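**Student:** Sequence first, then the predicted structure:
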Amino acid sequence: MTNAMDMMLNDLEALLVLKLADDKLFLGHIQSDWTGLGPILEEDIASSSMAQDDLSHALVLYEYLGSRFSIDPDVLAYERLPSQYLCCDLVTVPDDFDWAKALIRRWFFAHYAAPVLDQLALFNDSDLVERCRRLRAEESLHISYLNDWMQRLSSGSKEAIVRLQNAIDFMSDDARMLFELPGMILNVDRPSFDGREELFNEWSSSTHEILSTTNLKTNITLPTTTVKGGRNGVHADHFIAQLTEMNEVRCKDPGAAW
Amino acid sequence: MSKIRQRHFTFDQDLVPSRDEALKSYIVYTSKKDGAPHRYAGYLNAPDINMAVEYACEHYGQDEICVNIWVHDVEVIHQTPCAEVTIDMDLARDAQDRDEHPKWVVFTQRRRGDIHIEAGAIHAPDSENALRVAIARHGKETVQVRVVPWDQIESTKPNQLIWRTHDQTYRLARGYSKSVRAKWAAVRDAADLNEYTKDDIQNHF
């Protein structure tokens, strides 16, 4: 098992899949905290449904990695060392049950996940390509829905706009770290294998397309390649807290069948 | 609730329920496959009709496989009173259907308590005439006929993804009960049934 895990963690393409899977797992988990607390009933249902999508997407990607490296997807999700998770801090930073923060987090992330899925769909692996194609269609649903929210709130009351702007400012440092890459990938001598700048440009232009219709401002730049964060296994305390809670049941009886 | 999120909420003022007029009620119909009539799925509250469509996709669109959704404001409905047995076809007198008139969608209810199902579309100058035409064309063997102006119905986009493409059965009550039943059967078969019942009796009596 350890060997299989090491093999996966040393496979460049696997790392690119893993970072997205980890983002989605933790985002789905933290967003599920809102279940029962949505601002209105229908929003509660809709955002919970989308949080489930994110968990499902993580599973689809873990299953792919699991079948390629012979690892149980549940082991991938729950039984790695904290430094072996590649999610960014954006997906675990507490939103303090502020709807604006929760929304901005999801909105930033969905606009990032879509081009990442496009990128993965270019790999020479029909199983992965097919999986990404399906997830991409659902990501578009999320984007359209979150854009609707952004446009609605940003054309609402002054308070709504102030809270959205505060949420953007609060999430900005973590948002730029979406584009951090595992060191191993940065060292690859294959032109534009990482797609770092392309992803950032695509994300910037699709988020600005919405922001330009509002009075909201962002100032987010691509981090330098020397900055080390979640994608290199260097996580904030809130990641450890969420991981500990998420795998609490699993750790009581690893491998138990449910 | 999540442990890392166990925070104490403080309110410096009383919570005020949101004003009723902030949300409107919308009726939702879903079509299960291409060309299949739209059937009443339920209703929901939303700030406007576009959000109502988004919510309908996540709510009623995830109950069953679904390819299209219609949503309209509850207030744009015109319908006959619900008949005891079948609708009085005399109500259809003088019905005139002309293409140059606005389009209305007709929904009918076959028996009391049944859901409303799309029956077709007609053209009429106003709601009164629309109901007459709807009864004449689609009212036989029904207890209620409803007409809705076509331009008041918001629809999902053609070929829009609503039902998810990956396995969603875990979300559905039937998917859950099926997998739980299978697991329970496996547990039961594996255990020594006599031991099981002996323990069970001991625990309960």
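**Tutor:** Noted; the coordinates are in hand.

**Student:** Determine how far the helix or strand harbouring B:Cys57 lies from the middle of the whole chain.
**Tutor:** Of the helices and strands defined by DSSP states H and E, B:Cys57 is found in helix B:49-59. Put simply, helix B:49-59 sits 11 Å off its chain's centre (CA atoms, centre = their mean, to the nearest Å).

**Student:** What pairs with the helix or strand following it, parallel or antiparallel?
**Tutor:** Tracing the chain past helix B:49-59, the next element assigned as helix or strand by DSSP H and E is strand B:68-73. When pairing is defined by DSSP bridges, strand B:68-73 lines up against strand B:24-31 (antiparallel), strand B:154-155 (antiparallel).

**Student:** Is the longest helix seen in chain B in proximity to chain A?
**Tutor:** Determined from DSSP state H, the single longest helix within chain B is helix B:173-190. Yes: judged by CB under 8 Å from any CB of the partner chain, helix B:173-190 comes into contact with chain A at B:Lys183. For the C-beta atoms, the positions are set from N, CA and C on the backbone; glycine is no exception.

**Student:** Render the CA-only coordinates of that helix in PDB, please.
**Tutor:** C-alpha atoms of helix B:173-190 as PDB (Å, rounded to 0.1, in the frame of the first residue of the first chain):
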ATOM      1  CA  ALA B 173     -34.600   7.300  -0.900                       C
ATOM      2  CA  ARG B 174     -35.000   4.200  -3.000                       C
ATOM      3  CA  GLY B 175     -31.300   4.000  -3.800                       C
ATOM      4  CA  TYR B 176     -30.500   4.200  -0.100                       C
ATOM      5  CA  SER B 177     -33.100   1.700   1.100                       C
ATOM      6  CA  LYS B 178     -31.900  -0.700  -1.600                       C
ATOM      7  CA  SER B 179     -28.200  -0.600  -0.600                       C
ATOM      8  CA  VAL B 180     -29.100  -0.700   3.100                       C
ATOM      9  CA  ARG B 181     -31.300  -3.700   2.500                       C
ATOM     10  CA  ALA B 182     -28.500  -5.500   0.600                       C
ATOM     11  CA  LYS B 183     -26.000  -4.800   3.300                       C
ATOM     12  CA  TRP B 184     -28.400  -5.800   6.100                       C
ATOM     13  CA  ALA B 185     -29.100  -9.100   4.300                       C
ATOM     14  CA  ALA B 186     -25.400  -9.700   4.000                       C
ATOM     15  CA  VAL B 187     -24.800  -9.000   7.700                       C
ATOM     16  CA  ARG B 188     -27.700 -11.200   8.700                       C
ATOM     17  CA  ASP B 189     -26.700 -14.100   6.400                       C
ATOM     18  CA  ALA B 190     -23.100 -14.000   7.800                       C
END
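
**Student:** So for the residue of the stretch 51-200 of chain A found nearest chain B, what's the pLDDT?
**Tutor:** As assessed by CB to the nearest CB, chain B sits closest to A:Arg134 within the stretch 51-200 of chain A, at 4.2 Å. pLDDT recorded at A:Arg134 is 92.

**Student:** In space, what's closest to it - neighbours in sequence excluded?
**Tutor:** Spatial nearest neighbour of A:Arg134, excluding adjacent residues (CB to CB, 6 or more residues apart in numbering or on different chains): B:Thr165 at 4.2 Å.

**Student:** Am I right that that neighbour is in contact with A:Glu139?
**Tutor:** No: in this structure, B:Thr165 is not within contact of A:Glu139 by CB atoms under 8 Å, at 11.4 Å.
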